[in-house]
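Q: Using only what follows, build the 3D model:
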Amino acid sequence: MNLIPEFQFHRVFVEPWTTELGSHGLMALVTFLVGATCGLIGNFLILRRMALVGDAMSHSVLPGIAVAFLITGSRGVGAMVLGAIVAAWATHGLIEVISRHSRLKQDAAIGIAFSTLFAVGVVLIALFADKVDLDQDCVLNGELPMIPLEPAVRLGNLTLGPPALLRLVAVLLGSLLLLVAFYKELLLSSFDPGLASCLGIRVRWIHHGLMLWLSMVVVASFEAVGAILVIALLILPGATASLLTDRMVPRLLWSVAHAALSSVSGMHLSVALDCSPAGAAVVAGAGWFGVAWIFSPTEGLLPRWLQRRNNKEGKGDSMSGPMGEVDSGHPSSELSENI
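A: Residues are numbered from 1 along each chain as shown. A predicted model of the protein is given here:
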């Protein structure tokens with residue numbers, strides 16, 4: 001029994017861009033849209049040390065759509081999205097209440113909120129399995145392979161694409177508009193809330209608006225990649241970008257680049273291993289994070305190791321002179337930088 005399928009170059013790297021472009025290319029595009037949208041907001045979550053809030057909201061999607069179905073009796077997109085948004089916003093409120101009115105820190109509040117609400121969703125589906133016609137596997141792992149099979153939306157003679165693709169495009173465009181409109185407020189309130197408040201920025205309003213934005217992104221993304229994998233796409237692009245630059249605008253651009261690389265390489269990985277496209281995209285994204293972690297010019301493990309080795313060699317050379325004086329070949333600026 002072979003655990004890894006036999007590698008075929010043509011099947012892995014050629015067919016997805018030729019005969020299978022209609023399906024694999026569309027899945028890669030959807031994955032990129034999810035990764036780019038999650039990556040943009042994920043940068044601000046990482047700056048605020050709130051990355052796991054996205055995890056809590058993604059898990060609360062399950063009870064939200066279950067309750068929405070029980071109330072409306074419909075699996076329509078409107079009811080499901082509304083239920084998921086309400087559940088995500090309730091999760092944020094529960095985290096705020098626990099952390100503000102108890103001695104528990106925010107990380108403990110997040111753990112309580114997401115585990116409780118996720119368990120509520122599982123119990124609801126188990127109790128009302130005959131009424132709740134929901135596919136748990138699709139909710140948790142996404143239905144990315146099914147998106148190319150959806151009937152395309154047409155506008156006259158123009159074919160726009162599957163509804164899930166159009167929703168993700170709309171959310172990404174909306175995210176870009178919000179980012180441009182409130183960039184200064186988001187940046188200042190993320191780095192220094194005290195300074196932002198002194199400048200007249202309503203920090204609490206910005207925080208709640210960010211959480212509402214996050215809930216919209218999570219709800220729009222879970223259909224494609226599932227509730228569990230959303231958290232990886234919220235963290236990996238921003239975490240990778242933070243290793244490559246300290247400036248915010250380049251960091252946002254690097255996040256989008258990470259989403260593009262992860263979607264394409266994840267597609268090829270899923271074809272090679274015959275596995276979940278969403279899971280393969282996350283594995284590929286983690287691989288690109290590893291590359292940045294090792295080779296980043298400023299934060300990479302390899303450049304830092306080489307710098308430490310050069311420093312040790314430099315100290316050894318400087319001590320080789322008479323009376324242990326510093327060798328004149330080392331400028332004072334480099335010594336102060338090393339210190």
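Q: contacts and neighbour counts: CA atoms only from here.
A: Noted.
Q: for the residue nearest in space to the middle of the chain, what are its contacts?
A: Central residue of the chain (CA atoms, centre = their mean): residue 234, 1.7 Å from the mean position. Shown in contact with residue 234 (CA atoms under 8 Å, 6 or more residues apart in numbering): 35, 38, 39, 41, 42, 51, 54.
Q: Which helix or strand contains the residue nearest to the last one when sequence neighbours are not counted?
A: Looking back up the chat, that one is residue 54. Leaving aside its sequence neighbours, residue 54 sits nearest to residue 231 (CA to CA, 6 or more residues apart in numbering; 5.8 Å). Using DSSP states H and E, residue 231 falls within helix 203-244.
Q: about what we covered before: the contacts of residue 234: which two are farthest apart?
A: The most widely separated members of the contacts of residue 234 are 35 and 51, with 14.8 Å between them, by CA to CA.
Q: So these two - more neighbours on which side?
A: Shown here are residue 35 and residue 51; by other CA atoms under 10 Å, residue 35 has more neighbours (34 against 20).
Q: Helices of the stretch 101-250 of the chain, start to end?
A: 106-127, 136-141, 163-181, 183-191, 193-198, 203-244, 248-273 (DSSP state H, counting those that start in this stretch).
Q: which one of those helices has the lowest average pLDDT?
A: Here the helices of the stretch 101-250 of the chain differ in mean pLDDT, and the lowest is helix 136-141 at a mean of 60.
Q: and the residue nearest to residue 54, what does it touch?
A: 51, 52, 54, 55, 58.
Q: list the helices and strands the host helix or strand of residue 279 packs on?
A: Assessed by DSSP H and E, residue 279 sits inside helix 277-295. Helices and strands touching helix 277-295, as assessed by 3 or more CA pairs under 8 Å, 6 or more residues apart in numbering; DSSP states H and E, comprise helix 26-47, helix 203-244, helix 248-273, helix 301-318.
Q: Would you tell me which of those helices gets closest to residue 64?
A: helix 203-244 (10.2 Å).
Q: okay, the angle between that closest one and helix 183-191?
A: Relative orientation of helix 203-244 versus helix 183-191 (axes from the mean of the first three to the mean of the last three CA atoms, to 10 degrees): 80 degrees.
Q: what angle do helix 203-244 and helix 26-47 make?
A: Using the same axes, to 10 degrees, helix 203-244 lies at 110 degrees relative to helix 26-47.
Q: and helix 203-244 with helix 277-295, angle?
A: Relative orientation of helix 203-244 versus helix 277-295 (the same axes, to 10 degrees): 70 degrees.
Q: burial of residue 8, as a residue count?
A: 11.
Q: List the contacts of it.
A: The contact partners of residue 8, by CA under 8 Å, 6+ apart, come to residue 272.
Q: For residue 91, list the residues it contacts.
A: Per CA under 8 Å, 6+ apart, neighbours of residue 91: 56, 57, 60, 113, 114, 117.
Q: so residue 251 makes contact with residue 237?
A: No - using CA atoms under 8 Å, residue 251 makes no contact with residue 237, being 9.1 Å away.
Q: More neighbours: the two, which one.
A: Comparing residue 251 with residue 237 by other CA under 10 Å, the one with more neighbours is residue 237, at 32 against 23.
Q: nearest residue to the more buried one other than its sequence neighbours?
A: residue 255 (4.6 Å).
Q: how far away is residue 125 from residue 68?
A: Counting by CA to CA, to the nearest Å, the gap from residue 125 to residue 68 is 12 Å.
Q: just residue 283 next, same as before
A: Taken as CA to CA, the span from residue 283 to residue 68 is 32 Å.
Q: quick one, which of those two is more surrounded?
A: residue 68 (23 against 18).
Q: ok, for the more buried one, nearest residue in space, not its chain neighbours?
A: In space, residue 68 comes closest to residue 83 once its chain neighbours are excluded; the distance is 5.0 Å by CA to CA, 6+ apart.
Q: contacting residues around that neighbour?
A: By CA under 8 Å, 6+ apart, the contact list for residue 83 reads 61, 64, 65, 66, 67, 68.
Q: State the helix or strand in which it lies.
A: Judged by DSSP H and E, residue 83 forms part of helix 77-100.
Q: And that helix, what's buried?
A: Buried residues in helix 77-100, counted by 16 or more other CA atoms under 10 Å: 79-92, 94-95, 98-99.
Q: ok, the residue nearest to residue 167 when sequence neighbours are not counted - contacts?
A: Nearest in space to residue 167, with sequence neighbours left out and distances taken as CA to CA, 6+ apart, is residue 220 at 7.0 Å. Residues near residue 220 by CA under 8 Å, 6+ apart: 81, 167, 168, 171.
Q: which ones are touching the first one?
A: Looking back up the chat, that one is residue 81. 65, 219, 220.
Q: Check the burial of the first one by counting its neighbours.
A: Using other CA under 10 Å, residue 65 has 26 neighbouring residues.
Q: Is it in contact with residue 84, as I believe?
A: Yes - using CA under 8 Å, residue 65 makes contact with residue 84 at a distance of 5.4 Å.
Q: can you put the contacts of residue 234 in JSON lines and add pLDDT and distance to residue 315?
A: Shown next, in JSON lines, are the contacts of residue 234 (pLDDT from 0 to 100; distance: CA to CA, whole Å):
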{"residue": "35", "pLDDT": "93", "distance to residue 315": "45"}
{"residue": "38", "pLDDT": "92", "distance to residue 315": "46"}
{"residue": "39", "pLDDT": "92", "distance to residue 315": "42"}
{"residue": "41", "pLDDT": "92", "distance to residue 315": "44"}
{"residue": "42", "pLDDT": "91", "distance to residue 315": "42"}
{"residue": "51", "pLDDT": "77", "distance to residue 315": "41"}
{"residue": "54", "pLDDT": "75", "distance to residue 315": "47"}
